[in-house]
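Student: For reference, the sequence and a predicted model appear below.
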Amino acid sequence: MKGRRLSTALFLPPKAEPLLLAVTAAALAAGGVCRLVGAPGLADLCWGLGTVVAVGPAVGWVLDALRHGRTGVDLIAVLALGGTLAVQEYLAGTLIALMLAGGRTLETVARRRASHDLRALLEHAPRTARRRTCSAVRTVALAEVRVGDLLVVGPGEVVPVDGRVADADAVLDESVLTGESSTVVRGRGEAVRSGVVNAGNAFELRASATEQDSTYAEIVRLARQAGAESAPVVRLADRYAAWFLPLTLAAAGLAWLVSGSAVRAVAVLVVATPCPLLLAAPVAIVSGLSRASRLGMVIRDGGALENLGRARTLLLDKTGTLTRGRPHVLDVVAAPGRRPADVLRLAASLDQYSPHVLAHAVVDAARERGLETATAQDVSEEAGRGVAGLVGGHRTTVGRLDTDAGKPPWARAADNRALLDGAAVAWVTVDGVPVGAVLLRDPLRPDAPRTLRRLRSAGIDRLVMLTGDRAEPAREIAAVLGLDDVRAGLTPADKVAAVHAERARAVTVMVGDGVNDAPALAAADIGVAMGARGATASSEAADIVLTTDRVDRLADAVAIAVRTRSIAVQSALGGMLMSLAAMAAAAFGLLPPAAGALLQEGIDAAVILNALRALRVGKAVRPVLQPATEALIHRFAAEHDDLRDVVDAVRAAADRLSDGTGPEALAAVVEVHRLLTERLLPHEYAEEHQLYPALAPTLGGAESTATMSRAHAEIERLTRRVTTHLELAAADGAPAPERLDDLRACLYGLHTVLRLHFVQEEENYFSLAP
């Protein structure tokens, strides 16, 4: 637990604030009825009882604050309640009691939160292990495992303790520790950490640590320890009490001393009763919480929202937070004489039978591009190697190549691209001959760049990536997003240490989605979990859970928190200024206690109405789209998926020209020209004349899409240039040598512009639609 909850004093049972509110309201109403029917004595009795009922809880709240080292504004309310009883101003006392109970009830609602237990971590943790002794395999309690024991880990089982692979290669899903969605292969003798899942065939593991000394047990301990170390949240009201409380006591004492009237002192206390402080923050925060919930954010309590509004440093996990958390097809490379679409279709025809995460990505890419898969026969899968089967009567495989020796030039080029792009390669072979390669990578979320720009505009000064992934892909993403720092290759303990270091400088937010992020989330001032697909443990260790699989909700949460806190402070300060004016009038005898209490009610009403503005959408929140515009975005986003093969074909045609200038190379360029003119250019024209005009009002005018329109013009210009080259080649019978460089440059340039243009549209426009 983070210890941030407001402890109600022992004097008031839990959930008693609503009861106190009901009792004081009933006392006020009953006294009013008695006064109307001509029974003033009975009215004073009702109001006096309403005041007395509130004294005990109010004293309890003050003592509870003192016990935690705070002298809060509740002390003013206690003095005002006691003063009204002493000078027999019972109506004023009941009004104060009602305001106090209402403020506390609202604050209780604002601070209610779910527990931060680590149930998911514990449920995932293995409790038994299968130990091999001689020729027998026995199931034993995990506590009985000793260093050196030989364990058997079956398919789908969690590795029970840290150890080393003792026989065949182990195919492991390490996402629970690293957050990486791709499986990894660990060879004989390689180290394996507890908590990872066996994604392949059974293998034997030589234990190198006991249960308590293993990785997964350490993660559980870190999460518990980090949660226990988090500091409590101080109420917004108490921060202003530092100067408001002594000022109020001085004004009341001076009024009594100068006038000699205790009633004046009580009147000063009544109008100084800190209801603007008690009400402003809870009402604004409850309103902010309500607004956030409508946008798919679960914020555990008002303290988290208040702290988020003060945050200046944001730490982000990479996989599943800045990236989509699962691999997607980056590119398809085809051997000479093959088309990328045919290669992808072949790969998907086999991968549709595989449960592997990379296989799912290949099948999804084929479906997005409208490719129909064939029925495969005699399909088999070997862990760590790939899938094999008969497709169209030919022996086809998807996965690793048997050897790197003797690869043709196009295959070596594909390897080089994969290395530079940090991508995995699924090779496609037909009858033992490589025919293509599918490059896969966990891509950046389209809404990530816009989200980070919005976070900076909302007041976040420092953006840092914390990841267990390798440094190269992490730095590439950091460069694209403009992050201030990137720390790669981190263990869960390293992430916790990084969070502590950043917290020493500023209020710090940690965003993550995996079990490995739970300790860091618990250690941060505010933990934010990507809960739509993230691990339950990370959600339970977080203060804020984003229930939709969109990182832009993080920017929404920060914008709402900043606006909510601003409104709360504005309401509190405005209310206090009005209270100060009323205190001056009461000190001079112009306001008796009862009238002062009624005036204070008016101030409270103004404060509440202003605080309710937090329910409205602020300007910082993402722009609202018209339904027709949203439908257009979805339409053109789907067309982007359909046009991926056109973009791939442009690059493939340029590569063919680099390999040779024969008829096949020219035919590839002719085919690309057909795809450009029949499919791509009509898409760009429709975007220019339908989508961009629809987006302009939302984005602030036609100028907001001007740079993208310029890209459309460049795409059309390069396409016309390719057309001219083909016309000249047709006249000469072949491309002239002196024009080849320019034709290649046109195709490579067109490929680059198209990829950049697609990414920009997806990040800037398509990411606006849910």
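Tutor: Now that the structure is in, tell me what you want to look at. Residues are numbered from 1 along each chain as shown.

Student: Wait, Glu684 touches Ala713, no?
Tutor: No: under the criterion of CB atoms under 8 Å, Glu684 makes no contact with Ala713, lying 9.4 Å away. (Glycine included, C-beta is placed from N, CA and C.)

Student: So for those two, which sits in the more crowded spot?
Tutor: Glu684 (22 against 11; other CB atoms under 10 Å).

Student: Now do the buried residues in stretch 33-51.
Tutor: Within stretch 33-51, the residues that qualify as buried are Cys34, Arg35, Ala43, Asp44, Leu45, Cys46, Trp47, Gly48, Leu49, Gly50, Thr51, counting by 16 or more other CB atoms under 10 Å.

Student: and what of stretch 428-441?
Tutor: Neighbour-count burial for stretch 428-441, counted by 16+ other CB under 10 Å, picks out Val428, Thr429, Val430, Pro434, Val435, Gly436, Ala437, Val438, Leu439, Leu440, Arg441.

Student: Then stretch 712-724?
Tutor: Residues His712, Ile715, Glu716, Leu718, Thr719, Arg721, Val722 are the ones in stretch 712-724 that count as buried (16+ other CB under 10 Å).

Student: starting at the chain centroid, how far to that stretch?
Tutor: How far stretch 712-724 lies from its chain's middle: 40 Å, per CA atoms, centre = their mean, to the nearest Å.

Student: Show me what that stretch is in contact with.
Tutor: Applying CB atoms under 8 Å, 6 or more residues apart in numbering, the external contacts of stretch 712-724 come out as 669, 672-673, 676-677, 680-681, 684-685, 687-688, 742-743, 746-747, 749-750, 753-754, 757.

Student: which among those end up buried?
Tutor: 669, 672-673, 676, 680-681, 684, 687-688, 743, 746-747, 750, 753-754, 757.

Student: Nearest to Val192 among the residues you listed?
Tutor: Leu754 (42.9 Å; CB to CB).

Student: on contacts alone, who are the packing partners of the longest helix anywhere in the chain?
Tutor: Among the elements of the chain assigned as helix by DSSP state H, the one spanning the most residues is helix 552-587. Contact partners of helix 552-587 among helices and strands, from 3 or more CB pairs under 8 Å, 6 or more residues apart in numbering; DSSP states H and E: helix 236-259, helix 262-272, helix 275-294, strand 297-299, helix 302-310, helix 448-457, strand 544-546, helix 593-611.

Student: contacting residues for Leu151?
Tutor: Listed by CB under 8 Å, 6+ apart, the contact set of Leu151 reads Ala129, Arg130, Arg131, Arg132, Val145, Pro160, Val161, Gly163, Glu204, Leu205, Arg206, Ala207.

Student: In TSV, list those along with distance to Met530, pLDDT and neighbour count.
Tutor: TSV is the format used below for those (distance: CB to CB, whole Å; pLDDT from 0 to 100; neighbours: other CB atoms under 10 Å):
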residue	distance to Met530	pLDDT	neighbour count
Ala129	32	89	26
Arg130	34	90	18
Arg131	38	91	19
Arg132	39	88	15
Val145	34	90	22
Pro160	28	89	26
Val161	29	90	28
Gly163	31	92	25
Glu204	36	90	19
Leu205	31	92	27
Arg206	36	92	16
Ala207	34	92	23
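
Student: out of those, who's nearest Glu472?
Tutor: Nearest to Glu472 among the contacts of Leu151: Gly163, at 28.6 Å, using CB to CB.

Student: Surely that closest one is in contact with Val196?
Tutor: No: the criterion here is CB under 8 Å, and Gly163 misses it with Val196 at 11.0 Å.

Student: What separation do you get for Glu698 and Ala628?
Tutor: Heads up, residue 698 is Thr, not Glu. For Thr698, the distance to Ala628 equals 11 Å [CB to CB, to the nearest Å].

Student: any low-confidence regions in the stretch 1-150 of the chain?
Tutor: Residues of the stretch 1-150 of the chain that meet the criterion pLDDT under 70 lie in 1-15, 65, 68-74, 103, 106-124.

Student: packing partners for the helix or strand harbouring Ala498?
Tutor: According to DSSP states H and E, Ala498 maps onto helix 492-503. Helices and strands touching helix 492-503, by 3+ CB pairs under 8 Å, 6+ apart, are helix 215-229, strand 313-316, strand 462-466, strand 508-512, helix 518-523.

Student: Looking at the buried residues of stretch 428-441, which two lie furthest apart in space?
Tutor: Val430 and Arg441 (24.6 Å).

Student: Adding secondary structure, write the contacts of Leu151 out as CSV.
Tutor: CSV is the format used below for the contacts of Leu151 (DSSP: H, G, I helix; E, B strand; the rest coil):
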residue, secondary structure
Ala129, strand
Arg130, strand
Arg131, strand
Arg132, strand
Val145, coil
Pro160, coil
Val161, coil
Gly163, strand
Glu204, strand
Leu205, strand
Arg206, strand
Ala207, strand
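
Student: okay, the buried residues of stretch 428-441 in CSV with distance to Pro592 next?
Tutor: Below are the buried residues of stretch 428-441 laid out as CSV (distance: CB to CB, whole Å):
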residue, distance to Pro592
Val428, 89
Thr429, 94
Val430, 96
Pro434, 94
Val435, 94
Gly436, 90
Ala437, 87
Val438, 83
Leu439, 81
Leu440, 78
Arg441, 74
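
Student: Give me the outermost residue of the chain relative to its centroid.
Tutor: Of all residues in the chain, Gly38 has its C-alpha farthest from the mean position, at 61.7 Å, by CA atoms, centre = their mean.

Student: just to revisit the earlier point, between the helix holding Ala498 and strand 462-466, how many degrees?
Tutor: Computed by axes from the mean of the first three to the mean of the last three CA atoms, to 10 degrees, the angle separating helix 492-503 from strand 462-466 equals 170 degrees.

Student: Any buried residues in helix 492-503, and which?
Tutor: Buried residues in helix 492-503, defined by neighbour count with 16+ other CB under 10 Å: Pro492, Lys495, Val496, Ala498, Val499, Glu502, Arg503.

Student: now stretch 328-337
Tutor: Quick answer for stretch 328-337 (16+ other CB under 10 Å): Val329, Leu330, Asp331, Val332, Val333, Ala334, Ala335, Pro336.
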